[in-house]
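Trainee: Generate coordinates for the sequence data below:
(3 chains)
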Amino acid sequence: MLKKNTKFRSLKDTSCASCENINCILKRNLTILKDSHLIQNKSTLPCKKGQQFIMEGAPVNGLFFILKGTVKVFRTGINGREQIVRFAKEGEIIGHRGFGTEEYYSIGAIALKDTVLCYFSKESLQEALLVNPKFSFDMMLFYANELNRSENKVKSISQMTVRERVIDTLLYIHRKFGDLNGFINLPLSRKEYADYAGTTEEQVIRVFSALKKEKLITAQGKKIGISDRQILKNEINDHNYFLDT
DNA sequence: CCATTAAATTCAA
DNA sequence: TTGAATTTAATGG
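Mentor: Now for the predicted structure:
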C-alpha cells in the first residue's frame, strides 16, 4: 500500500505565505495584508479528530480559519438534538457569526478529522477590515453567501420531504467535498447526515436503503457513492419548481 | 422510539 | 498485521 509521509506535517511552516489554500480569503488578499498585524500575529491551533474547539455559550475573542482538515458546525436544539449548520473545509471561516456584536458563541464546532486552525483576534481583524476595502469586500461576499445558503436551508427543512432533504444533503456534501474513487470524499455517520438534513438516523438509513435499491447510490459503511447525480438532482428540482413563485 | 443482529472501525499487542 | 473490543449500520417490532 502506498503511503505518503504526513507524520511531520504539523511541524511544517504554518505562515500564510506558504499556505496552499487558494480559496482562503486571507490568502487571496495576502499581497495587501502581508505586513498587517493580522497576518503577523496569527496563531495556529492543532485539533484532533472529534475534538470540540468552540463551545456553545463560550465568549467570542476571535475567529478561526481552517488551515487543514474538516469541521462541522452545529447548534443544540430544544431536546438536546444536534442541528448541523454547516460543514467546512480548508480555507473556510469558522465562528464568523460571533464576530462584531455577539458576545457569546451560539454554535459549537468539532473537528471531523485531525485539523489545524488559524486563529485571529477580533481586534486585529477589525483593524484589517477598516484599512482594507478589498479584503472587506471579500468578507462581505462571504457573509452574503452564507446568508443565502442559510435561507435556502430554512426552505428545504420546512418544505421538502425527508427523502428530498437527505438527497439534498448528499448532493451538498458531494458538491463540496468531491469524489474519491467513486465515493464521497468525506466519511460521515448516518447520524451526521440526519443532523444536517434535520431528521433522524433511522430515517436516513431507510432512505439510503431505498436509494441503494434504486441503484442511485452505493454504500460501503461510511463511504457513500453517488451513481447518478442527475437523477437525484432532478428529483429535487422537480419538486421545487412548483414551490417558489 | 427501542432492541437485536450484522457490519465496520479502532486500537493495541 | 491481526483480531478483540468498541462503535455504527440496518431492520423489524
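Trainee: what residues are up against A:Leu129?
Mentor: Each residue near A:Leu129 by Cβ atoms under 8 Å, 6 or more residues apart in numbering is listed here: A:135-136, A:139. The way it works is simple: take the backbone N, C-alpha and C, and place the C-beta from them, glycine included.
Trainee: how close does it get to A:Ser121?
Mentor: To A:Ser121, A:Leu129 is 13 Å away according to Cβ to Cβ, to the nearest Å.
Trainee: swap in A:Asp195?
Mentor: 31 Å.
Trainee: From what I see, A:Leu125 and A:Gly98 are in contact.
Mentor: No. A:Leu125 lies out of contact with A:Gly98 (Cβ atoms under 8 Å); the separation is 11.6 Å.
Trainee: joint contacts of the two?
Mentor: A:Leu63.
Trainee: re earlier: give me the more crowded residue out of A:Asp195 and A:Ser121.
Mentor: A:Asp195 (24 against 16; other Cβ atoms under 10 Å).
Trainee: helix or strand for that one, which one?
Mentor: Element membership for A:Asp195, per DSSP states H and E: helix A:190-197.
Trainee: That helix near DNA strand B anywhere?
Mentor: No. Helix A:190-197 lies apart from DNA strand B when judged by Cβ under 7 Å from any atom of the strand; the minimum separation is 10.2 Å.
Trainee: Next, the angle from the helix or strand following that helix to helix A:190-197.
Mentor: Sequence-wise, the next helix or strand downstream of helix A:190-197 (DSSP H and E) is helix A:201-213. Counting by axes from the mean of the first three to the mean of the last three Cα atoms, to 10 degrees, helix A:201-213 lies at 100 degrees to helix A:190-197.
Trainee: Give the other helices and strands that helix A:201-213 contacts.
Mentor: helix A:162-177, helix A:190-197, strand A:217-220 (3 or more Cβ pairs under 8 Å, 6 or more residues apart in numbering; DSSP states H and E).
Trainee: Show me what counts as buried in it.
Mentor: Neighbour-count burial for helix A:201-213 flags A:203-208, A:211 (criterion: 16 or more other Cβ atoms under 10 Å).
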